[in-house]
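Asker: My questions are about this predicted structure, shown below with the sequence.
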Number of protein chains: 2
Amino acid sequence: MSSLLGSWVDGAAGTSIPIDDRGLQYGDGLFETLKVRNGRVRFLEAHLARLALGCERLSIAGPDAAVLRGEIAMAATQAPGDAILKLIVTRGSGPRGYAARGPFTARRIMSLHASPMLIAGDGVALRIARLTLAENPQLAGLKHLNRLDNVLAASESPEPVFDSLLLDASGQLVSGTMCNVFLVREGRLVTPAVDRAGVAGVMRGIVLRECAALGLHCDVRAVPAAELQAADEVFVTNARIGVVPVRSVGEHVFTMNAVATRIASHVERLDA
Amino acid sequence: MSSLLGSWVDGAAGTSIPIDDRGLQYGDGLFETLKVRNGRVRFLEAHLARLALGCERLSIAGPDAAVLRGEIAMAATQAPGDAILKLIVTRGSGPRGYAARGPFTARRIMSLHASPMLIAGDGVALRIARLTLAENPQLAGLKHLNRLDNVLAASESPEPVFDSLLLDASGQLVSGTMCNVFLVREGRLVTPAVDRAGVAGVMRGIVLRECAALGLHCDVRAVPAAELQAADEVFVTNARIGVVPVRSVGEHVFTMNAVATRIASHVERLDA
């Protein structure tokens, strides 16, 4: 799928981590998926801000910001054209036991990947996952390493789809397994709140921020899954793909994509 | 806390894993904490059965059973007296992306630790965690690697306690972060069902199995947290500690422990 261009552990070229790393032992860490364009990371400040918030909420003493910026910049320059830089920050190595009674030294793990396939122009096909997401306000919004729900949901479908939409136990739409989702109806946008489940995606944040510049209004609230059928347009977002129209969710086909296309072009042109 | 006596990756002495292991990337794997006594793993069959069930539920093609048994036996013989053997099985290495579209080769990661501190004879002190567990029937019962809830709950208390009891969002008792919990009232036992949240501990299973031999009855059902106050005795179980009476939960003190002590002695004497 994507070929590895390089990897680093704590800033040094490396391909392995100690088995006592709490990222492996407990999923005790966070990650960011950074889009590299022309040797530069897009929306770096937004990624670093989310990472810092995640470290704060998990009480992880995060990596030194200047060191991290330097390592990201170094890795990004090794990318030929477009690439994906995945950054994992774990709480670090420690003895057995759940309690995070330090001191720990956070571990930085970076891998640079050739940019995967382009998205077809007419949008992507989604399905609705059978798995439902648990509400977990303690972890909601964070891009943490506990991703078994995403793995199981993304693995449900025998035929590959672009992504699977996740509902919570009460039938509210949350997101895709790897994307956030927006609905457009009569020119108004809505995207699910992610304070009970899901990830507060960086590209989701960019779209919310840029709506004003585009004269658009976007609500952030609980979104019953039934609103999908009533939507004129649906689009998905993440840092890697940007903004991408949805062609279908299961059997339901969306024929409009003007708003998504307009936002996609705008975001693509942003100087970041 | 516990000192490392040895570690193995896929059967060979080793201390590291590749960063593309899905255990690190997504917590995509399972673990077992095995108690070694006199060079032999206690309740090995129960551990292997739970691991196999977990692999099945996560659609992980588990390690070859004979190979795994051989590696566990080899590691156990290196333990001086009592020890803990932690076994992690991940889905293995793979490309970026949540979907588990193989083929993958499961990775086996073992670490042998000197047996931690003895438990005080008069029982252990617990507290109730502020964090509430989400209901997640897809993952409930499994000893999987997505353990951030346990990490956060175990890290809440400024002063160390033996363990923190977890409630679900509707106020039902689930377990400790690292133990299962049993209540005794008027000679009858009850332990929370773990089909919505929590882990189906191996020692929990042994206690349930042995109740009949001891002429005891144990209900397995939803247990409102208020039943803690009404209990005559409370005890906790896991493979490492066996069966241990609880002296207190927060301010509430339990003065009785006859049933727990009787079960503990019985389990301790079992030939496994």
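Answerer: Nice, I can see it.

Asker: Which parts of chain A belong to which domain?
Answerer: Per the record, chain A has its domains at A:4-114, A:124-269, by automatic domain parsing.

Asker: What parts of the stretch 51-200 of chain A come near chain B?
Answerer: Residues of the stretch 51-200 of chain A lying near chain B by C-beta under 8 Å from any C-beta of the partner chain: A:58-59, A:84, A:86, A:88, A:90, A:95-101, A:109, A:111, A:113, A:116, A:131, A:134-136, A:138-139, A:144-155, A:160, A:169, A:177-178. Where C-beta positions appear, they are placed from N, C-alpha and C, glycine not excepted.

Asker: From these, which land in strands?
Answerer: Judged by DSSP state E, these include A:84, A:86, A:88, A:90, A:109, A:111, A:113, A:131 as members of strands.

Asker: Show the buried residues in those.
Answerer: Neighbour counting with 16 or more other C-beta atoms under 10 Å in any protein chain shown marks A:84, A:86, A:88, A:90, A:109, A:111, A:113, A:131 as buried within those.

Asker: Let me have these in CSV, adding pLDDT as columns.
Answerer: Formatted as CSV, the entries for these read as follows, by pLDDT from 0 to 100:
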residue, pLDDT
A:84, 96
A:86, 98
A:88, 98
A:90, 98
A:109, 98
A:111, 98
A:113, 96
A:131, 96
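
Asker: Pipe those into CSV and attach distance to residue B:17 per row.
Answerer: Output for those, formatted as CSV (distance: C-beta to C-beta, whole Å):
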residue, distance to residue B:17
A:84, 22
A:86, 16
A:88, 13
A:90, 13
A:109, 11
A:111, 14
A:113, 19
A:131, 27
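
Asker: So what's the residue count around the residue nearest to residue A:130 when sequence neighbours are not counted?
Answerer: Spatial nearest neighbour of residue A:130, chain neighbours left out: residue A:156 (5.8 Å); criterion: C-beta to C-beta, 6 or more residues apart in numbering or on different chains. The criterion is other C-beta atoms under 10 Å in any protein chain shown. On that basis, residue A:156 has 16 neighbouring residues.

Asker: can you check residue A:114 too?
Answerer: The burial count assigned to residue A:114 is 15, neighbours taken as other C-beta under 10 Å.

Asker: Spatially central, which residue of chain A would that be?
Answerer: The geometric centre of chain A, computed from its C-alpha atoms, lies nearest to residue A:201 (C-alpha atoms, centre = their mean), at 4.8 Å.

Asker: Run through the bridge partners of the closest residue to it other than its chain neighbours.
Answerer: Ranked by C-beta to C-beta, 6+ apart and with sequence neighbours excluded, the top spatial neighbour of residue A:201 is residue A:180, at 4.3 Å. Beta-bridge pairing of residue A:180 under DSSP bridges involves residue A:237.

Asker: on that earlier part again, buried subset of the residues of the stretch 51-200 of chain A next to chain B, written for ChimeraX?
Answerer: Under the burial definition 16+ other C-beta under 10 Å, those of those that qualify are selected in ChimeraX by:
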select /A:58,84,86,88,90,96,97,98,99,100,109,111,113,116,131,134,135,136,138,139,144,145,146,147,148,149,150,151,152,153,154,155,177,178
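
Asker: Could you tell me the phi and psi values at residue A:269?
Answerer: Taking degrees, to the nearest 10, you get phi -90, psi -10 for the backbone angles of residue A:269.

Asker: In contact with it, which residues are there?
Answerer: For residue A:269, no residue meets the contact criterion (C-beta atoms under 8 Å, 6 or more residues apart in numbering or on different chains).

Asker: For chain A, which segments count as helices?
Answerer: Listed in chain order, the helices found in chain A under DSSP state H are A:22-26, A:44-57, A:65-76, A:148-154, A:202-211, A:227-230, A:258-269.

Asker: What average pLDDT does the first one get?
Answerer: In this model, helix A:22-26 carries a mean pLDDT of 98.

Asker: what residues does that helix touch?
Answerer: Contacts to helix A:22-26, defined as C-beta under 8 Å, 6+ apart, come from residues A:17, A:28-29, A:88, A:90-94, A:98, A:100, A:104, A:107, A:109, A:145, B:17, B:21, B:23-24, B:27, B:31, B:88, B:90, B:109, B:145, B:147-148, B:150-151.

Asker: where does the stretch 51-200 of chain A have low pLDDT?
Answerer: When residues are selected by pLDDT under 70, those of the stretch 51-200 of chain A lie in A:116-121.

Asker: and with 90 instead?
Answerer: Counting by pLDDT under 90, the stretch 51-200 of chain A contains low-confidence ranges at A:79-81, A:101-102, A:115-122, A:157-160.

Asker: Which residue is it, in the stretch 151-272 of chain A, that comes closest to chain B?
Answerer: Among the residues of the stretch 151-272 of chain A, residue A:154 lies closest to chain B, at 3.9 Å counting by C-beta to the nearest C-beta.

Asker: OK, contacts around that residue?
Answerer: Residue A:154 makes contact with A:163-164, A:177-178, B:97-100, according to C-beta under 8 Å, 6+ apart.

Asker: one more time with 7 Å
Answerer: Residues in contact with residue A:154, defined by C-beta atoms under 7 Å, 6 or more residues apart in numbering or on different chains, are A:164, A:177, B:98-99.

Asker: can you give me the end-to-end distance of stretch A:180-190?
Answerer: From the first residue to the last, stretch A:180-190 extends over 11 Å; the measure is C-alpha to C-alpha, to the nearest Å.
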